[in-house]
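Colleague: Sequence first, predicted coordinates after that:
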Amino acid sequence: MQLGMVGLGRMGNYMVQRLMRGGHECVVYDTRPESVAALAGLGATGSASLEEFVSKLSHPRAIWLMLPAAIVDKVLSSLVPLLQNGDIVIDGGNSYYHDDIRRGAELITKGIHYVDVGTSGGVFGLERGYCLMIGGEKGTVEHLSPIFATLAPGVGKTEASPNRTAEAAAASTAEQGYLHCGPHGAGHFVKMVHNGIEYGLMAAYAEGLNILKHANIGAASHEADAETAPLAHPEHFQYDFNLQDVAEVWRRGSVITSWLLDLTADALHADPALSKFAGRVSDSGEGRWTIMAAIDESVPTPVLSAALYGRFSSRDNDEFANKVLSAMRAGFGGHVEKPTPK
Ligand SMILES: O=C(O)[C@H](O)[C@@H](O)[C@H](O)[C@H](O)COP(=O)(O)O
């Protein structure tokens, strides 16, 4: 079928390529003409403006936005006046589900259908397919199923769970790698929680590997260090673990195998010191939205919360709190901290 794509960054570009490989016709637009030209060179229909983009799409139009969450409303304010009754707008980025609920209700008053799609898979999606978590009206989602089926990995790429019944399999598209999760916002809600889990898993690997990395501190610290309590048993911490090999062996038959571990092992093989990374970790919002939803539901999320706060700490947002701690130690005990190494 025909699909219009707005936003041709890494995700949008690869999704268009995967759709064209699957036989779909893609009309593309981006504010960067070079991104449009690159896909036009591969067979997409390029456009130089939103107006031209909309005019090249057949009614009812299906338009996928693959944009940073912060600019979706701005783009919609230019796009929607160009659309007609029956057209469909799909937000495949990482929008907050509250925005989906609002947009779905606003757009339907103009006869425009809104679908939210949480898209997971990153830059590997072109070859592996994308896991799609979808929210919106049933009929609209069904109308778009040829697009979802092409973007998703497809049946057979992952074995079905042994206890899954034939009835359950027949009743849902989950085994194809896409799922209609519920009404407006449901797709991004499921993707939001997916990312909360992602933060927790990532933090668990990172913390575990950090314990292994410091398992040699006994070799140098027989004398008490002014900064930390002396090691009672330096002989317990005499290990120089090869982290590449540990990550590699964990990938084989262990309980903690995963794609995140595969990526971690590969990064360690490329550079065991991970020297190109400064140690600051950003967050694009979904981790904090997950915690906000958990608070509203009164659901405890200690692991996911700690993982989110770990990201804040990585950006030195705990610096003043740590100064307060040092000030108290200095006040009650005269303890003088070491200068922070530059
Ligand atoms: O499933 C995925 O492919 C990822 O979850 C992806 O969608 C993620 O949102 C961004 O890569 C960055 O997310 P953070 O900036 O929040 O880490």
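Modeller: Nice, thanks for sending it over.

Colleague: I figured Tyr178 was touching Val141, is that so?
Modeller: No: counting by CB atoms under 8 Å, Tyr178 sits too far from Val141 to count as a contact (9.3 Å). Using the backbone N, CA and C atoms, a C-beta is placed for each residue, glycine as well.

Colleague: Neighbouring strands of the longest strand seen in the chain in the sheet, and parallel or not?
Modeller: Secondary structure assigned by DSSP state E gives strand 113-120 as the longest strand of the chain. According to DSSP bridges, strand 113-120 has the following sheet partners: strand 88-91 (parallel), strand 131-135 (antiparallel).

Colleague: can you give me how far the longest helix along the chain is from the chain middle?
Modeller: For the chain, the longest helix by residue count, based on DSSP state H, is helix 186-213. Distance of helix 186-213 from its chain centroid, counting by CA atoms, centre = their mean, to the nearest Å, is 10 Å.

Colleague: And the average pLDDT for that helix is what?
Modeller: For helix 186-213, mean pLDDT rounds to 98.

Colleague: what is the orientation angle of that helix with strand 131-135?
Modeller: 140 degrees (axes from the mean of the first three to the mean of the last three CA atoms, to 10 degrees).

Colleague: Any buried residues in helix 186-213, and which?
Modeller: Within helix 186-213, the residues that count as buried by 16 or more other CB atoms under 10 Å are 186-196, 198-203, 205, 209.

Colleague: Against which helices or strands is it packed?
Modeller: Applying 3 or more CB pairs under 8 Å, 6 or more residues apart in numbering; DSSP states H and E, we find helix 186-213 packed against helix 97-108, strand 113-120, strand 131-135, strand 178-182, helix 243-250, helix 259-270, helix 286-297, helix 302-314.

Colleague: what about 6 Å?
Modeller: In terms of contacts (3 or more CB pairs under 6 Å, 6 or more residues apart in numbering; DSSP states H and E), helix 186-213 is packed against helix 97-108, strand 113-120, strand 131-135, helix 286-297, helix 302-314.

Colleague: mind checking which of the ones you listed is nearest Asn13?
Modeller: Asn13 lies closest, by CB to CB, to one member of the helices and strands packed on helix 186-213: strand 113-120, at 13.2 Å.

Colleague: More neighbours: which of Tyr178 and Val141?
Modeller: Tyr178 (29 against 23; other CB atoms under 10 Å).

Colleague: okay but the more buried one is in contact with Leu132, surely?
Modeller: Yes: Tyr178 is in contact with Leu132 according to CB atoms under 6 Å; the separation is 3.8 Å.

Colleague: Pull up the overlap in contacts between the two.
Modeller: Common neighbours of Tyr178 and Leu132 are listed as 148, 152 (criterion: CB atoms under 6 Å, 6 or more residues apart in numbering).

Colleague: Can you find the helix or strand of the protein with the lowest average pLDDT?
Modeller: Lowest by mean pLDDT, DSSP states H and E among the helices and strands of the chain is helix 166-170, with a mean of 93.

Colleague: ok, and what's touching it?
Modeller: By CB under 6 Å, 6+ apart, helix 166-170 touches Glu175.

Colleague: ok now that helix, how far from the chain's centre?
Modeller: What separates the centre of helix 166-170 from the centre of its chain is 29 Å, taken as CA atoms, centre = their mean.

Colleague: Stretch 172-180 now?
Modeller: With CA atoms, centre = their mean, you get 19 Å for stretch 172-180.

Colleague: same thing with stretch 78-87?
Modeller: 29 Å.

Colleague: Stretch 106-119 now?
Modeller: A distance of 22 Å separates the centroid of the chain from that of stretch 106-119, by CA atoms, centre = their mean.

Colleague: quick one on the thing from earlier: touching the longest strand of the chain from outside, list them.
Modeller: 88-92, 100, 103-104, 107, 130-136, 140, 187-188, 190-191.

Colleague: how about the helices of the stretch 1-150 of the chain, start to end?
Modeller: 10-21, 33-40, 50-55, 72-79, 97-108, 125-128, 138-143, 145-151 (DSSP state H, counting those that start in this stretch).

Colleague: Flag every buried residue along the shortest one.
Modeller: In terms of neighbour count (16+ other CB under 10 Å), helix 125-128 has its buried residues at 125-126, 128.

Colleague: Quick check: phi and psi on Gly218?
Modeller: Phi and psi for Gly218, reported as degrees, to the nearest 10, are phi -70, psi -30.

Colleague: what's the spacing between it and the ligand?
Modeller: For Gly218, the distance to the ligand equals 35 Å [CB to the nearest ligand atom, to the nearest Å].

Colleague: Could you find the closest non-adjacent residue to Asp73?
Modeller: Asp99 (7.2 Å; CB to CB, 6 or more residues apart in numbering).

Colleague: now swap in Gly279 and tell me
Modeller: Ser314 (6.1 Å).

Colleague: for the strands paired with strand 113-120, which one sits closest to Gly253?
Modeller: Judging those by CB to CB, what sits closest to Gly253 is strand 131-135, at 24.5 Å.

Colleague: Determine the angle, from 0 to 180 degrees, between that closest one and helix 97-108.
Modeller: Using the same axes, to 10 degrees: strand 131-135 against helix 97-108 is 60 degrees.
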